[in-house]
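Q: Attaching a predicted model along with its sequence, questions to come.
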There are 2 protein chains.
Amino acid sequence: MNRPIINSWQSVEQEVRRRIQTREWAPGELIPNEADLALEFGCARATVNRALRRIADSGLIDRRRKAGTRVALQPVARATLDIPVIRREIEDRGMTYSYLLLSRTEAVPPHAVSATMQLPAHDAQLHVVALHLGNETPYALEDRWISLAAVPAARQERFESVSSNEWLLANAPWSHGQITFAATQAGREDAARLACDPGQAMFVIDRLTWNNNAAITRVRLKYPPGYQLRTDI
Amino acid sequence: MNRPIINSWQSVEQEVRRRIQTREWAPGELIPNEADLALEFGCARATVNRALRRIADSGLIDRRRKAGTRVALQPVARATLDIPVIRREIEDRGMTYSYLLLSRTEAVPPHAVSATMQLPAHDAQLHVVALHLGNETPYALEDRWISLAAVPAARQERFESVSSNEWLLANAPWSHGQITFAATQAGREDAARLACDPGQAMFVIDRLTWNNNAAITRVRLKYPPGYQLRTDI
DNA sequence: TATAATTTTATGTATGTACATATTAGTCTG
DNA sequence: CAGACTAATATGTACATACATAAAATTATA
C-alpha cells in the first residue's frame, strides 16, 4: 500500500481531524496509538504527538496514558476570546478613540465588590468611572475599583488623560483573573451616559484581576444595546 | 554562578512568566534567545521552545523569526470559553436536565437567517424551538434553523425526546463556526417561556456552524436575567 | 543612491532515542 | 474472592541534532 507521507504536524492534525469529521473514526472510538500513526504517516512519533496534543487541546479527542486516545463523544466547542485594551478594540473597528473621565474618588466599595476581591469590607479603594468613546459616541461605560493596598501608586494618578485600563496594564502586573459576561437593564444614569434608553439591555463584562493572591482591580464594562462579542470556533 | 536547573517546560514557562511579571523583562523588551535561555536554564532548546510557544499562545510575548522574542506591550487577555452541550452545562451546575420541544416546522427563514447562513433566501429550512430546563425551571430558550440541504436526515427526526443540540452533534459533523454574544430585551413571548418579565435583559448566544462550506445550523439561545458566562484568564 | 543579491540569525520543525508516568490488565497471595 | 503486588503499555517529556524558513542586516551591483 502506497501511502502519501504526512510528515508535518499540521498535515497530521488535518488528516486526523478529517478522519474524525468523516466518521472514519467515530465518536467514542479508540484511535490508533502514536507509534502506529507515525508509522502509517511516515513521520516521527513526536510529530504525531504534537498534532494530537493540539487536537486534544481543542476538545475533539480525549487522551489518557495507557488508555489511549479516543474521539470525544460530545466535543465541547472551545472558543478563544481576545479581550484587548478598549482603545485597541475601538481602533480595530476603524473608529477614533477618545476617553472621558467621569469621576475619581476614594471610597469604601459596596460589600459585593470587597467580597469578590477578598479585601476588608471597610477599606477604602479607588473608584474610577469613565466613558470610552468611538467616533465621539459612547462605546463602553467603565466602573472600576482599584485596591490601594495592591496598587498604592494609583493614588498619584489622576486618570484624566490615560485610562485606568491602560495605566494599570502598564503599572500593575497581574497573574490571573476572572471574566464574567452577563446582560442587565440600563438604569437611568447608565442610559444617560451611554446615550440609550433606560431599561434597554446592556451587555456587561466584569473582570476581576489578581496578582498572585492580591486582588488588583474589579472593573465592570457596560456596553450599549447592539454590542456584540464575536469569536470563531 | 550556580544556577538551579530548570529543565521541564513547565518550570521554564513559570520562570519566564515570573520574570515578565516582575518586570525583570519589561514590556516591549527583547528577551534572550532560545539557545541562551536553554544554556542558562540547563535544558534543551526544544524545552525552552515549547515553553515560549505556550506563552506566546497566551498573548504575553510576541515572537518573530530572526527578530526574536519580546514581551508584549499590551498583552491581550485571552480567555478560553468552553461551550458544552446544554444538557451538560445544566447537569454540571448540579441541576436535573429536562427538555421541552415547543415547535418544529419547515419554513422559509427570515432573510437575516438565510443571509448569514449563505443559503438561498427562498429555501425552506427546519425550524425548531425548544426549552431547556434545569430543575424544571426554564434555563435557556433555543431557536434553531437547520439547513435541510446540509442535513436532510433531520427531516426524519422529531426532536421530541432528544434535543436538536445533541442530535446534530451526533449526526452532523461540523468543521468550524462562529459564536456571538449579545444582550437583548425579552419580548412578551420570550418572557412567557423563560418565566421572566417582558423588557428584562436576556443574555443571547448565537452560534453558526459550518461543515466546510456548507452551513449546517444557526441557533440562538436566550438566557433569562441573571445568567452569567464565566471564565478564567 | 536605490535596488538587488547575499549572509546572518532566531525561531520553527522533524527525528531518534531515552526515560518518566499514569493506568490498565494480569497475577499472585492470604 | 478480595486485595496487594507486578507487568505491560500508551502517552508525556527531555534531549541532541539537523535542517527549514523568515526576516533583518549587510554587501554587491546597476
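A: Noted; the coordinates are in hand.
Q: is it true that residue A:90 touches residue A:134?
A: Yes - counting by C-beta atoms under 8 Å, residue A:90 touches residue A:134, with 4.3 Å between them. No exception for glycine: its C-beta is placed from N, CA and C like everyone else's.
Q: Please work out how many residues are found near the closest residue to DNA strand C within chain A.
A: Residue nearest to DNA strand C within chain A: residue A:8 (2.5 Å; C-beta to the nearest atom of the strand). Counted with other C-beta atoms under 10 Å in any protein chain shown, residues neighbouring residue A:8 total 14.
Q: give the contact list for the residue lying closest to it once chain neighbours are set aside.
A: Counting by C-beta to C-beta, 6 or more residues apart in numbering or on different chains, residue A:8 lies nearest to residue A:47, which is 7.1 Å off, once chain neighbours are set aside. Neighbour list for residue A:47: A:7, A:8, A:9, A:12, A:38, A:41 [criterion: C-beta atoms under 8 Å, 6 or more residues apart in numbering or on different chains].
Q: Which one of those is nearest to residue A:208?
A: Proximity to residue A:208 was ranked across the contacts of residue A:47 by C-beta to C-beta; first place goes to residue A:9, at 36.3 Å.
Q: Report the contact partners of the residue of chain A found nearest DNA strand D.
A: Nearest residue of chain A to DNA strand D: residue A:33, at 3.1 Å (C-beta to the nearest atom of the strand). Residues near residue A:33 by C-beta under 8 Å, 6+ apart: A:68, A:69.
Q: And residue A:44, by the same measure?
A: Residue A:44 neighbours (C-beta under 8 Å, 6+ apart): residue A:38.
Q: What separation is there between it and residue B:222?
A: From residue A:44 over to residue B:222 the distance is 49 Å, taken as C-beta to C-beta, to the nearest Å.
Q: Over to residue A:125?
A: 35 Å.
Q: Neighbour count for these two, which is higher?
A: Neighbours were counted for residue A:125 and for residue B:222 using other C-beta under 10 Å; residue A:125 has more, 26 against 22.
Q: quick one: pLDDT of that one?
A: We have a pLDDT of 96 for residue A:125.
Q: So it sits against residue A:152, correct?
A: No - if you go by C-beta under 8 Å, residue A:125 and residue A:152 don't touch, sitting 11.5 Å apart.
Q: per-domain residue ranges of chain A.
A: In the domain annotation for chain A, the residue ranges read A:9-71, A:86-223 (automatic domain parsing).
Q: how about low-confidence regions in chain A?
A: A:1-5 (pLDDT under 70).
Q: Which residue ranges of it form helices?
A: A:9-21, A:34-41, A:45-57, A:86-92, A:111-116, A:164-171, A:188-194 (DSSP state H).
Q: now the strands for chain A?
A: Per DSSP state E, chain A carries strands over the ranges A:30-31, A:61-64, A:68-71, A:77-83, A:97-107, A:125-134, A:137-146, A:176-185, A:201-211, A:214-223, A:229-232.
Q: Quick one: check the first one for contact with chain B.
A: No - judged by C-beta under 8 Å from any C-beta of the partner chain, strand A:30-31 and chain B are separated, with a smallest distance of 15.6 Å.
Q: quick one: strands adjacent to that strand?
A: Sheet pairing of strand A:30-31 (DSSP bridges) gives strand A:68-71 (antiparallel).
Q: Could you tell me which residues within the partner strand count as buried?
A: Under the neighbour-count criterion of 16 or more other C-beta atoms under 10 Å in any protein chain shown, strand A:68-71 has A:69, A:70, A:71 buried.
Q: And those, which is closest to residue A:147?
A: residue A:69 (44.7 Å).
Q: bridging residues for that closest one?
A: With DSSP bridges as the rule, residue A:69 is bridged to residue A:31, residue A:63.
Q: And for residue A:129?
A: With DSSP bridges as the rule, residue A:129 is bridged to residue A:103, residue A:143.
Q: Thought residue A:146 was touching it, still the case?
A: No - in this structure residue A:129 lies outside contact range of residue A:146 using C-beta under 8 Å: 11.9 Å.
Q: residue contacts, the closest residue to residue A:215 other than its chain neighbours?
A: Leaving aside its chain neighbours, residue A:215 sits nearest to residue A:117 (3.8 Å; criterion: C-beta to C-beta, 6+ apart). Contacts were defined as C-beta under 8 Å, 6+ apart; by that measure residue A:117 touches A:109, A:145, A:147, A:208, A:215, A:218.
Q: Repeat that for residue A:193.
A: A:102, A:131, A:138, A:141.
Q: and the two most separated of the residues you listed?
A: Greatest spacing in these, by C-beta to C-beta: A:102 and A:138 (11.0 Å).
Q: Between the two, tell me which one has more neighbours.
A: Each of residue A:102 and residue A:138 has its neighbours counted (other C-beta under 10 Å); residue A:138 has more, 18 against 12.
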